[in-house]
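Q: Predicted model and sequence follow; I will ask about them next.
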Amino acid sequence: MSKKMWEGRTSGKTSKIADEFNSSINVDRRMYREDIEGSIAHVAMLSHCKIIKKSEEKKIKAALIKILNDIDTGKLKISDDAEDIHMFVEEVLTKRIGDLGKKLHTARSRNDQVALDARLYMRKEIISINFLLDKMIDTIIKIADENRDTIMPGFTHLQKAQAITFAHYILAYGMMFKRDMERLYDLYNRVNVSPIGALALAGTTYKTDRVYEAKLLNFDSVCENSIDAVSDRDFIVEFASDISIIAMHLSRLAEEIIIYTSGEFDYIVLSDEFTTGSSIMPQKKNSDMAELVRGKTGRVYGNLINILTILKGLPLAYNKDMQEDKELIFDSIDTVKNSLVIFESMLATMTINKERMREDAATGFINATDLADYLVTKGVPFRDAYKIAGHIVSFALEENKDSKNNYTLETLPLETYKKFSKKFDEDLYDFIKLENTVYRRTSLGGASPKNIDRQIKYLKK
Ligand code: ARG
């Protein structure tokens, strides 16, 4: 049993197991800085509005700054026994400066306080995730730059489709991460609205100045409806969703890293720093980091669904259910930040097996589209050309089965081609050379080197 600050209506004597169940200190302790910064702005507003004296503001503010420093330096330990971070700070303040500390919570409720802390905290984390995304894009640009001429097979249905460059491939992920950044910038606008001053739900009779307090905390605007101010967790849902999309992008890249580092592909070799061995099989070099990032996507999606489910059907205004959101969003933030850090370093240190990619691109008839396109340049309608090219591929596959032949479209003799169409000529071989098929794809966004320049420029913006 312990005494409570909110003792009054009840004896405040709660059971120990209820206290433990009720407490969120081990989750919300990480918002101590935001909580104290919010309180400092709050006393400034109270004094500005003449609700407390200037001298009182000064004393409370100095004590709050001291508490912040003491927590930062480890001099003050955040107690596990506290109900939450808001109560903890207020308790310490009152212990240190006596009755004056009790004035801090004038014209404030924990309902608007927690909404404020959460917004301040998310604001910071949005910037920090965007920083990591930016770094990731820089690394991708560098890899792309070094692999402008690295020919590889592009896949659809995980079947070899057409020749591309590794630059083109990796820049596709650059585009995804850029959109992720844009989504977070957009979200920032909705996070950066101040709920403080809504109090429990209905506002206050004190002559407060919400706009003044919001400005002190660098908010763009204030929540217009006090009930909405304390009930809205859309920004948490959106953040969890934006993070889920980042995790989804990472998981797709992770899957490809896993495939491309396998012996069957051998396109990419990860540095030893980011791989693990097996406890029994001496030959193994596993892509555990990529697998973990892929796996952790599950918990990130889970957190999003979890938060949405907590809010489903929740009546207005504040309900304690909402306390549950922080553990989940913090976990999503931590997970995706760790994943981004690991992936950026892993990509920056991997080796691209250029020869192997080129060699693998030479098999699988990935220039068959270009074979058809060749006939089109000679006046054959595309559908007919497509059919002829298909028959040629099928013929070559048959030949390769029955004999020691290892025909590719590049090695099939011209006489054979001529049996399928009189339009084939010597210039065909140059036309279907993989490098040429890539360089010729000049349509906007396509595989050609000019487009690579354009995409890099776009990402650098
Ligand atoms: N720990 C609470 C939370 O995270 C703070 C708000 C409590 N408000 C209340 N009326 N009990 O949601």
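A: Now that the structure is in, tell me what you want to look at.

Q: Just the helices from the stretch 301-450 of the chain, written as ranges.
A: With helices called from DSSP state H, counting those that start in this stretch, the stretch 301-450 of the chain shows them at 324-348, 354-361, 368-377, 382-402, 414-420, 428-432, 434-439, 449-460.

Q: Looking at the longest one now, give me its mean pLDDT.
A: Looking back up the chat, that one is helix 324-348. For helix 324-348, the mean pLDDT works out to 97.

Q: returning to that earlier point: now the helices of the stretch 301-450 of the chain as TSV including mean neighbour count and distance to the ligand?
A: Bear in mind the C-beta positions are built from the backbone N, C-alpha and C, glycine included. Formatted as TSV, the helices of the stretch 301-450 of the chain follow (neighbours: other C-beta atoms under 10 Å; distance: least, C-beta to the nearest ligand atom, whole Å):
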stretch	mean neighbour count	distance to the ligand
helix 324-348	19	6
helix 354-361	17	51
helix 368-377	20	58
helix 382-402	15	62
helix 414-420	14	72
helix 428-432	17	64
helix 434-439	19	55
helix 449-460	15	39
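
Q: remind me which residues of the stretch 1-150 of the chain are low pLDDT?
A: Along the stretch 1-150 of the chain, the model assigns pLDDT under 70 to residues 1-2.

Q: which parts of it sit against the ligand?
A: 24, 28, 84, 110-111, 114 (C-beta under 6 Å from any ligand atom).

Q: Just the buried ones among those residues, please.
A: 24, 28, 84, 110-111, 114 (16 or more other C-beta atoms under 10 Å).

Q: helices or strands next to whatever helix or strand Ile236 lives in in the packing?
A: If you go by DSSP states H and E, Ile236 is part of helix 234-261. If you count contacts as 3 or more C-beta pairs under 8 Å, 6 or more residues apart in numbering; DSSP states H and E, helix 234-261 packs onto helix 110-146, helix 166-191, strand 268-269, helix 288-311, helix 324-348.

Q: And the helices of the stretch 301-450 of the chain: which comes nearest Glu264?
A: Taking C-beta to C-beta, helix 354-361 is the member of the helices of the stretch 301-450 of the chain nearest to Glu264, at 9.9 Å.

Q: Please state the mean pLDDT value computed over the closest one.
A: Mean predicted confidence for helix 354-361 is 96.

Q: That one to helix 234-261, inter-axis angle?
A: 80 degrees (axes from the mean of the first three to the mean of the last three C-alpha atoms, to 10 degrees).

Q: Which elements pack onto helix 354-361?
A: Counting by 3+ C-beta pairs under 8 Å, 6+ apart, helix 354-361 packs on strand 151-156, strand 159-165.

Q: Compare these and give me the one nearest the ligand.
A: Of all these, strand 151-156 sits nearest to the ligand, with 46.7 Å by C-beta to the nearest ligand atom.

Q: Would you mind putting the CA coordinates of stretch 253-264 into PDB?
A: Coordinates of each C-alpha in stretch 253-264 appear next as PDB, following Å, rounded to 0.1, in the frame of the first residue of the first chain:
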ATOM      1  CA  LEU A 253      15.300  -5.600 -49.200                       C
ATOM      2  CA  ALA A 254      16.200  -8.100 -46.500                       C
ATOM      3  CA  GLU A 255      14.500 -10.900 -48.400                       C
ATOM      4  CA  GLU A 256      16.600 -10.000 -51.500                       C
ATOM      5  CA  ILE A 257      19.800  -9.800 -49.500                       C
ATOM      6  CA  ILE A 258      19.100 -13.300 -48.200                       C
ATOM      7  CA  ILE A 259      18.400 -14.600 -51.700                       C
ATOM      8  CA  TYR A 260      21.300 -12.800 -53.300                       C
ATOM      9  CA  THR A 261      23.800 -13.900 -50.800                       C
ATOM     10  CA  SER A 262      22.800 -17.600 -51.100                       C
ATOM     11  CA  GLY A 263      25.300 -19.900 -52.900                       C
ATOM     12  CA  GLU A 264      22.800 -20.300 -55.700                       C
END
